[in-house]
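*Asks:* Here is a sequence with its predicted model. Questions after.
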Amino acid sequence: MDDQQQDRSGGGARVLVVSLREVRPSVSRCLLYEFEDLICRIDDAVIAVPQPGDVPPRWRIRMASRLHRLFGTRSTIPQRRRCGSNYRYDLLFLPCEGITDLLLIGSLDRWLQSARVRVCYVAEVWRAGILNSPYALSRLRKFDRIFTACHGSVEELRKATGRPCDYLPPAVDAVSFCPFPEPTTRDIDVYNMGRRASELHKARLDCAAKQGLVYLYDEFGGNPKVDAREHRQSLANRLKRTRFLITYSAKLDCPGQTLGQEEVGYRFFEGAAAGAVMVGRQPKSAVFGELMGWPDAVVELADDPACVGDVLHAIDAMREERIRRTNVRGALLQHDWVYRWKTVLDAVGLPPLPAVEVRKERLHEMTGSVVSC
């Protein structure tokens, strides 16, 4: 099946965003698809959407990977089509959840040849696993610049690829997640979003039942196909109704994969933008203070309480409200996707379009409602 393009600019485009939303329409990737959608609202961009039928069969991926391991050849997965050498776009931007996503796009070379500058954003890459996928790394080397959301992996990724590599933290559609100026009732006492510590979770379930508290948590049932926009709006609505959000470093339950590397995961940006009070433990990462240096960004309790009631009673009402507003304001001023896109544009020497400044002005104006209401 041919790749589809969604032209949202109403004319020619300077940016091509290659999206895996049809190939991997799973919950864990919806934040990246939100980023892609915002790019199309603030820049002259189109989205290229490879279809499931364009993904190379597993045996072809395995064969190409083995050939690369054995001979270090430049053998590639067979391409369906190739474009000419004339550049149609100034910038190609490919967001990936991990390095191996690059193996899912059989027509990668065709897209790369269509742009003057090629940038890949790899959200999750752990130092210990960078060299485990040499064929995927060989594809990553075809990009001119690499960004990653894992601060502790930047230097290793730079060495492994020989390409400029920079940290680009996660962000959020802060406009959509903002609970002001008309805040809803926060009827979810404690929300444990995504991954969790299993023993503490079981204890919290028992405690919440005994105390009659609303303890919300995500149920894991694989990675079902979802509508990315609907999921993000649903998540925003849940978080805007949440008083306290349990927070941990990314991939809490995968110590064999992270090997002690702690990163600032998505939930910190989503929770702050929605005005939830984040409790638990902040990641042991040098960059956390730069991202969320305001007081009580994460309320660290002496011990991660098994009883959700302990979380609620640890913070008085005035402090809770102050934390809530400080978190929202910090997200509006620092952690909307527009700031990340500006970083990418600056790195490749492309000037931002007027819509970037318009959105930044809107975010600044919204901070007024956080203070006044």
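*Replies:* Received, thanks. Every value quoted in this text rests on a predicted model; they were computed, and no experiment measured them.

*Asks:* give me the low-pLDDT residue ranges for this structure?
*Replies:* Counting by pLDDT under 70, the chain contains low-confidence residues at 1-12, 51-86, 195-199, 219-224, 302-308, 372-373.

*Asks:* Show me where this structure has its strands.
*Replies:* Along the chain, counting by DSSP state E, strands occupy 4-7, 15-18, 45-49, 89-96, 115-122, 145-148, 165-167, 188-192, 215-217, 242-247, 277-280, 299-300.

*Asks:* and the fourth one, C-alpha only, in CSV?
*Replies:* As requested, C-alpha coordinates have been extracted for strand 89-96 and formatted as CSV (Å, rounded to 0.1, in the frame of the first residue of the first chain):
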residue,chain,number,x,y,z
TYR,A,89,11.5,20.0,1.7
ASP,A,90,13.9,22.0,3.8
LEU,A,91,13.6,19.6,6.7
LEU,A,92,12.5,16.0,7.3
PHE,A,93,11.6,15.3,10.9
LEU,A,94,11.0,11.7,12.1
PRO,A,95,9.9,11.1,15.7
CYS,A,96,10.5,7.6,17.0
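
*Asks:* Neighbouring strands - and their directions - for that strand?
*Replies:* strand 15-18 (parallel), strand 115-122 (parallel) (DSSP bridges).

*Asks:* Could you name the stretch from those that's closest to residue 324?
*Replies:* Closest approach to residue 324 among those (Cβ to Cβ): strand 115-122, 30.2 Å. (Glycine included, C-beta is placed from N, CA and C.)

*Asks:* May I see the strands of the chain arranged in JSON lines, with mean neighbour count and distance to residue 254 as well?
*Replies:* What follows is the strands of the chain, written out as JSON lines (neighbours: other Cβ atoms under 10 Å; distance: least, Cβ to Cβ, whole Å):
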{"stretch": "strand 4-7", "mean neighbour count": "14", "distance to residue 254": "34"}
{"stretch": "strand 15-18", "mean neighbour count": "24", "distance to residue 254": "27"}
{"stretch": "strand 45-49", "mean neighbour count": "21", "distance to residue 254": "29"}
{"stretch": "strand 89-96", "mean neighbour count": "23", "distance to residue 254": "18"}
{"stretch": "strand 115-122", "mean neighbour count": "22", "distance to residue 254": "17"}
{"stretch": "strand 145-148", "mean neighbour count": "22", "distance to residue 254": "17"}
{"stretch": "strand 165-167", "mean neighbour count": "18", "distance to residue 254": "21"}
{"stretch": "strand 188-192", "mean neighbour count": "22", "distance to residue 254": "17"}
{"stretch": "strand 215-217", "mean neighbour count": "18", "distance to residue 254": "18"}
{"stretch": "strand 242-247", "mean neighbour count": "26", "distance to residue 254": "17"}
{"stretch": "strand 277-280", "mean neighbour count": "25", "distance to residue 254": "17"}
{"stretch": "strand 299-300", "mean neighbour count": "16", "distance to residue 254": "22"}
